[in-house]
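Student: predicted model and sequence below, questions to follow.
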Amino acid sequence: MPVMSQSAKERQTASKAAFAILLVRITGRRDLPQSAAGQALIDNARAYISSFRYEPIVTPVFAADAVMPGFQPEPVTEALSQAPLEGDGQSPVQSEVELEPEAKPTQKLVVSFDEKAVKNSLWKQKLPVWGKTRPSTLLWLAVQHNNQRVLLDANEPTALLSYIEKQAEKRGIPLLYPLLDLEDQININVTDVWGGFNEPIKNASERYQPEAILSARLFLDPFGVWQTRWAMHQGNDEIDWQVSGTDLETVVTQGLDQLADRLALRYAHVSSLGDESEFLITISDVNNVSDFVRVEKYLSALSAIKQAELTKIQGNALVFRLDLRSNAQALKQAIKLGKVLLSSEDLFAMEASESDRLVYRLMP
């Protein structure tokens, strides 16, 4: 969080603001900081701090036209200053008063919070917890200015790309970007993304193996308003939304916030403390001590699992008894995203009484 000084008062205020951002990232709920439960947690933010430090703020430098490659939007304020006042047909009087530029923070407070304590508080209050394993989302973004349309190229550092990465990190969304190499150029073009044509977008995305696809278009209209249309593709499901506004960063932020909100509805789960489900999980292809440690560490990191107890070793397969905080579907979703275990129920013939057994193999 940017701060003007290292005073205790400012540190307390900044820590609360940082904790509010963290709560949104973990729960997937943007409205949580405004709720009574969220405000109570934020007021007690100090109790969850494990460490803090100060760092200088390094401002990225972009070329004057680097909102996007070869693209310089008209300044909205200039367009407004030339517009006549409503009713009198005259141009507005230009003020000759020059305001002092506001002082900007040159340092930031970096706060670390106790993960276990935060999650325990959320679980106890029946608030959703979205684990660290999250769906990777491939972004296809078409932008237009002066009748020229281009695809966002992650290899070119621009202010627009910086905005996108900043907000994605804030919400905990891992984004992937297309290479836009010859293979992509053969499979898809800017018109496909601009028009939101599903088949070319999905076909071109297959090589990247994303869990979700985000396609979007963005342009500045003649009135100085940024217009965007977004669509999330996941399996056979598609959800689209539109965002507009005069500030580019705000429009991008709102567009990505809605993506995060929709993903959170699928992957953030409320704990069922007091009524945990017990399952068995068999994991094969555990061939050495290193594999064993890797499996134990992975299971303990999954938010859906309260406790994992090793009950049996069968050759190169391990059997764990799991106490789940949520349901088996939530666990399966998390495992699928993690790409550490691969479902292999066909390798084990399960009896009817073992319908609560999950079967996986350890991926290399």
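Tutor: Arrived safely, thanks for sending. Residues are numbered from 1 along each chain as shown.

Student: for residue 104, give me phi and psi.
Tutor: Residue 104 has phi and psi values of phi -110, psi 140 when expressed as degrees, to the nearest 10.

Student: and the pLDDT at it?
Tutor: We have a pLDDT of 88 for residue 104.

Student: again, but for residue 336
Tutor: So residue 336 comes in at 86 (pLDDT).

Student: give the contact list for residue 193.
Tutor: 140, 141, 142, 151, 201, 215, 216, 217 (C-beta atoms under 8 Å, 6 or more residues apart in numbering). To be clear about C-beta, it is placed using only N, CA and C from the backbone, and glycine gets the same treatment.

Student: now, the residues you listed that are in helices?
Tutor: Among the contacts of residue 193, DSSP state H puts residue 201 in helices.

Student: now the contacts of residue 193 in JSON lines, with pLDDT and neighbour count?
Tutor: Formatted as JSON lines, the contacts of residue 193 follow (pLDDT from 0 to 100; neighbours: other C-beta atoms under 10 Å):
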{"residue": "140", "pLDDT": "98", "neighbour count": "27"}
{"residue": "141", "pLDDT": "98", "neighbour count": "26"}
{"residue": "142", "pLDDT": "97", "neighbour count": "22"}
{"residue": "151", "pLDDT": "96", "neighbour count": "20"}
{"residue": "201", "pLDDT": "97", "neighbour count": "21"}
{"residue": "215", "pLDDT": "98", "neighbour count": "28"}
{"residue": "216", "pLDDT": "98", "neighbour count": "27"}
{"residue": "217", "pLDDT": "97", "neighbour count": "20"}
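
Student: could you export the contacts of residue 193 as JSON lines, including distance to residue 12?
Tutor: What follows is the contacts of residue 193, written out as JSON lines (distance: C-beta to C-beta, whole Å):
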{"residue": "140", "distance to residue 12": "42"}
{"residue": "141", "distance to residue 12": "39"}
{"residue": "142", "distance to residue 12": "44"}
{"residue": "151", "distance to residue 12": "44"}
{"residue": "201", "distance to residue 12": "47"}
{"residue": "215", "distance to residue 12": "42"}
{"residue": "216", "distance to residue 12": "38"}
{"residue": "217", "distance to residue 12": "43"}
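
Student: which one among the contacts of residue 193 gets closest to residue 158?
Tutor: residue 141 (11.2 Å; C-beta to C-beta).

Student: is it true that the closest one touches residue 213?
Tutor: No. Look at residue 141 against residue 213 with C-beta atoms under 8 Å: they stay out of range, at 11.6 Å.

Student: contacts for stretch 242-252?
Tutor: 67, 73, 76, 160, 163-164, 167, 218, 224-230, 254-255, 258.

Student: so where's the chain shaky on pLDDT?
Tutor: 62-101, 272-277, 345-356 (pLDDT under 70).
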